[in-house]
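> Got a sequence here, can you model it:
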Amino acid sequence: MIRYALTRLDLLVVGLFVASVLIFLTLRVLPGDVAQLIAGADSTPAQLAAVRAQLHLGDPLPAQYAAWIGGVLHGDFGSSLITGSPVLGELAQKAQVTIPLGLLAMAIALVIAVPLGVLSATLRGRAGGTAINVASQAVAAVPVVWAGMMLVVVFAIWLGWLPAQGFPRAGWHQPGLALRALLLPAVTIGVVEGAVLLRFVRSATLQAIGQDFVRTAAAKGLTRTQALIRHGLPNMALSVITVLGLQVAGIIVGAVVIEQLFSLPGIGRMLVTDVGNRDLVKVQGELLVLTGFVLVVGFLVDLLHRVIDPRQREAV
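Residues are numbered from 1 along each chain as shown. Here you go, the predicted structure:
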């Protein structure tokens, strides 16, 4: 297990390296003068010179990349070209919104997908199973922005149960208010992603129902539901975890949009603002952190597979 984890960790490091190179090159090959794009059309020669010096734009690209990634490895993501504040400090502050939002959305997606997916499979061919299947396909096709606006109209405007926008200034020092502020955005992402995941849970359940070990357990006196829960769910977990890991990227993209819609001070909203302000230093740091989060989730999914499936633990 340890050797396998170290092997996967090596792949994680390689993936982060490749991602950092692609992020760096993508932002450096923008058409025109990068310094002019960042500083603006009305910038003075002194401002252009300051931007070029800060980004080492006069150096060869390998030297520029080495300077940036060397700082990252020492915890220095640079400073914002607009505010002058350290990028890492702002990322840590904004992550207190984005990470809980993503985790809450994933939890909501699982709560929706697992029971309804299993129920849809066990009711296959009946009206209830068909209704769940049709509803999941319809919800999965809904754009996350439209879903968010509809939920705001119902739960924030009509019912007044939850806030429509904003996040408490005190942050998680006011946990009740912070959770209320994230609940509606998380439900927006979780419902859409949960509808997608539900279809995979349904397929995994149908496959498990047809397996010999489930039929054998039922023949020994267990009901089909008991046999499915006791013996089918551990095997279904592998497929569900894999799909959920792949959905992390979709949840992050959804967070970028939803943070704008709900005025949440998270990494996604900061990224959109910094792209508009052409704050290249912050943008490349934000993209690296978001990409790293997706890669780390993939690494954890691989380890969970190894823990859950005895056959993989026995493999070299």
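
> any residues touching stretch 289-296, and which ones?
12, 15-16, 19, 23, 91, 95, 248-249, 252, 267, 271 (CB atoms under 8 Å, 6 or more residues apart in numbering). All C-beta atoms are positioned from the backbone trio N, CA, C, and that covers glycine.

> Could you save the residues you listed as JSON lines and add columns showing secondary structure and neighbour count?
Shown next, in JSON lines, are the contacts of stretch 289-296 (DSSP: H, G, I helix; E, B strand; the rest coil; neighbours: other CB atoms under 10 Å):
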{"residue": "12", "secondary structure": "helix", "neighbour count": "17"}
{"residue": "15", "secondary structure": "helix", "neighbour count": "17"}
{"residue": "16", "secondary structure": "helix", "neighbour count": "17"}
{"residue": "19", "secondary structure": "helix", "neighbour count": "17"}
{"residue": "23", "secondary structure": "helix", "neighbour count": "19"}
{"residue": "91", "secondary structure": "helix", "neighbour count": "19"}
{"residue": "95", "secondary structure": "helix", "neighbour count": "15"}
{"residue": "248", "secondary structure": "helix", "neighbour count": "21"}
{"residue": "249", "secondary structure": "helix", "neighbour count": "15"}
{"residue": "252", "secondary structure": "helix", "neighbour count": "21"}
{"residue": "267", "secondary structure": "helix", "neighbour count": "30"}
{"residue": "271", "secondary structure": "helix", "neighbour count": "24"}
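
> what's the lowest-pLDDT member of those residues?
Lowest pLDDT of the contacts of stretch 289-296: residue 249, 78.

> can you tell me which residues contact it?
Residue 249 makes contact with residue 294 under the criterion CB under 8 Å, 6+ apart.

> Looking at the contacts of stretch 289-296, which one is closest to residue 48?
Lowest distance from residue 48 to the contacts of stretch 289-296 (CB to CB) belongs to residue 23, with 23.3 Å.

> any chance of the contacts of stretch 289-296 in CSV, with distance to residue 282 too?
Listed next are the contacts of stretch 289-296 as CSV, based on distance: CB to CB, whole Å:
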residue, distance to residue 282
12, 24
15, 22
16, 19
19, 17
23, 12
91, 8
95, 14
248, 22
249, 21
252, 17
267, 10
271, 8
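
> what two of those are the furthest from one another?
Using CB to CB, those span at most 22.5 Å, a distance reached by 12 and 271.

> since we're on residue 227, how many residues are nearby?
As a burial measure, residue 227 scores 22 neighbours (other CB atoms under 10 Å).

> Hmm, it is touching residue 217, no?
Yes. Using CB atoms under 8 Å, residue 227 makes contact with residue 217 at a distance of 3.8 Å.

> between those two, what contacts are shared?
Common neighbours of residue 227 and residue 217 (criterion: CB under 8 Å, 6+ apart): none identified.

> what's the closest non-adjacent residue to residue 114?
The shortest distance from residue 114 to any non-neighbouring residue, by CB to CB, 6 or more residues apart in numbering, is to residue 201 (5.8 Å).

> Could I get the contacting residues of that neighbour?
Contacts of residue 201 by CB under 8 Å, 6+ apart are 113-114, 116-118, 121, 236, 240.

> again, 7 Å this time
113-114, 117-118, 240 (CB atoms under 7 Å, 6 or more residues apart in numbering).

> how far away is residue 146 from residue 268?
18 Å (CB to CB, to the nearest Å).

> Looking only at neighbour counts, state which of those two leads.
More crowded of residue 146 and residue 268, by other CB under 10 Å: residue 268, with 25 against 11.

> sec struct for that one, please.
Judged by DSSP: H, G, I helix; E, B strand; the rest coil, the three-state class of residue 268 is helix.

> and what of residue 161?
At residue 161 the chain is in coil, as set by three-state DSSP.

> Can you name the residues that contact it?
Residues counted as contacts of residue 161 (CB under 7 Å, 6+ apart) are residue 155.

> and it, how far is that from residue 169?
22 Å.

> for residue 180, same thing?
14 Å.

> likewise residue 92?
Counting by CB to CB, the separation of residue 92 from residue 169 is 17 Å.

> How about residue 280?
According to CB to CB, residue 280 and residue 169 sit 29 Å apart.
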